[in-house]
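S.K.: Generate a structure from the sequence data that follows.
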Amino acid sequence: MFAIIGWLIFGLIIGAIARLLVPGRQSLGLLGTMLVGVAGSFIGGFLSFLIFGGQLVQATGWIGSIIGAVILVVAVQRLSGPPQRET
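M.R.: Numbering: from 1, shown residues only. Alright, predicted model coming up:
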């Protein structure tokens, strides 16, 4: 149980840092920020696997997690795009 709470707190911190590093407005709430941080950790772990080897599914440290979360925030921004105007 403590491990899950630790992951959620870690994800919230990483997600918040990633959102601060990416310019522009992100439409993510508290839960979205937390999920971006946790998923970013695994994206950073996968990138670490591609570059350095190791296990395929792994979490990574603070730097790798932030890099993965920034990639994820940018992807969410690109996919959501600007809001469409009704005519």
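S.K.: pLDDT weak spots in this protein?
M.R.: Applying pLDDT under 70 to the chain flags residues 55-60, 81-87.
S.K.: so where do the helices sit in it?
M.R.: With DSSP state H as the criterion, the chain has helices at 2-21, 30-52, 62-80.
S.K.: what's Phe10 in contact with, if anything?
M.R.: When contacts are counted by C-beta atoms under 8 Å, 6 or more residues apart in numbering, Phe10 touches 37-38, 41, 65. C-beta here means a position set from N, CA and C on the backbone, and glycine is covered the same way.
S.K.: swap the cut-off to 10 Å and go again
M.R.: The contact partners of Phe10, by C-beta atoms under 10 Å, 6 or more residues apart in numbering, come to 34, 37-38, 41, 59, 62, 65.
S.K.: ditto for Gly37
M.R.: Each residue near Gly37 by C-beta under 10 Å, 6+ apart is listed here: 7-19, 65-66, 68-69, 72-73.
S.K.: Quick check: it vs Phe2, distance?
M.R.: Gly37 sits at a distance of 18 Å from Phe2 (criterion: C-beta to C-beta, to the nearest Å).
S.K.: Could you double-check that Met34 lies in contact with Ala16?
M.R.: Yes. Using C-beta atoms under 10 Å, Met34 and Ala16 qualify as a contacting pair, with a distance of 9.0 Å.
S.K.: Show me which parts of stretch 51-71 are buried, residue by residue.
M.R.: Under the neighbour-count criterion of 16 or more other C-beta atoms under 10 Å, stretch 51-71 has 59-60, 64-71 buried.
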